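**Q** sequence and predicted model, in that order:
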Amino acid sequence: MRIDSEAKRLVESILIQKPGWEQIINEYNRTKSFGDETRRKMVNILAADMSEKNGSSPPRQVKEKYARGIVALFPYLSDPFSKNGYEHYYDVESGTGYLAWRIKTIQRGLAKERRTSFEGPSAEGMSGGPTIRREPQFAPEAVLSEDECKEAIAFMKHSADDDSVKMKMKLTFDYRRGMVLDPVQSNNILTVFPRFKDIKGLRHILGN
């Protein structure tokens with residue numbers, strides 16, 4: 001794959017200014033890959049920068065440039081089985097990938113802030129007291145949000161680590177179970193989760 005020097009410089013210039021850059025580069029140099037936490041940290045930094053410079057709905061070509069820059073800076077992250085190698089970070093044709101999902105999360109957060117600002121604090125929010133219903137501040141590790149499920153699905157499609165894939169399969173059980181129970185989506189299980197076909201021992205967590 002041709003190295004995109006401009007995109008590479010862009011991504012590097014963003015990351016080196018942020019706390020945690022040394023951790024990111026050290027992990028890559030040591031393992032030639034990223035764990036979930038490090039990948040999410042990098043994606044969050046780049047998506048935040050993209051939104052700051054281009055608004056909450058960055059153009060497709062901007063998201064694609066950042067994705068190109070990631071695999072140019074970290075070539076071992078390139079997916080040899082995809083057309084360009086960076087589609088797991090942003091796929092122009094489908095509008096999916098780690099960067100796209102993070103941008104959508106940012107957009108939802110901004111929309112929620114605007115609604116709260118427009119509507120003002122609710123009566124419940126002003127009441128306080130030990131009996132008030134509050135949103136949980138954290139979720140159990142085994143319960144994934146929609147964005148985390150999408151990240152896990154993308155990871156499985158591009159990972160050669162069978163043990164990691166099996167772990168992600170277990171964590172996405174509820175998501176997959178919902179597909180199984182949906183007559184429209186049930187036939188797409190092996191399309192969304194293709195690793196069932198090439199990794200032994202996964203049938204017992206298919207969810208059907």
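**A** Nice, I can see it.
**Q** buried ones in the particular helix or strand that has Lys41 in it?
**A** Taking DSSP states H and E as the definition, Lys41 sits inside helix 36-54. Within helix 36-54, the residues that qualify as buried are 38-47, 49-51, counting by 16 or more other CB atoms under 10 Å. C-beta coordinates here come from the backbone N, C-alpha and C atoms, glycine included.
**Q** equivalent analysis for stretch 75-87, please.
**A** Buried residues in stretch 75-87, counting neighbours by 16+ other CB under 10 Å, are found at Leu77, Ser78, Asp79, Asn84, Gly85, Tyr86, Glu87.
**Q** for the fifth one, which non-adjacent residue is closest in space?
**A** This means Gly85. Of all residues not flanking Gly85 in the chain, Ser78 sits nearest, at 3.6 Å (CB to CB, 6 or more residues apart in numbering).
**Q** can you check the third one too?
**A** Once flanking residues are discounted, Asp79 sits nearest to His158: 4.8 Å by CB to CB, 6+ apart.
**Q** tally of neighbours for the one you found?
**A** 14 (other CB atoms under 10 Å).
**Q** that one and His88 touch, don't they?
**A** Yes - taking contacts as CB atoms under 8 Å, His158 lies within contact range of His88: 5.0 Å.
**Q** hmm, back to that, contacts for the helix holding Lys41?
**A** Here helix 36-54 makes contact (CB atoms under 8 Å, 6 or more residues apart in numbering) with 11, 14-15, 18, 20, 23-24, 27, 34, 58, 62-63, 66, 70, 89, 98-99, 102-103, 106, 151, 155.
**Q** cool, stretch 94-106 as well?
**A** The contact list for stretch 94-106 (CB under 8 Å, 6+ apart) reads 39, 43-44, 46-48, 50-51, 56-58, 60, 63, 66-67, 87-91, 147, 150-151, 154.
**Q** how is the protein carved up into domains?
**A** Domains of the chain are assigned by automatic domain parsing as 5-106, 146-198.
**Q** can you measure across the last one, start residue to end residue?
**A** Yep, that's domain 146-198 we're talking about. Its start and end residues considered, domain 146-198 measures 25 Å (CA to CA, to the nearest Å).
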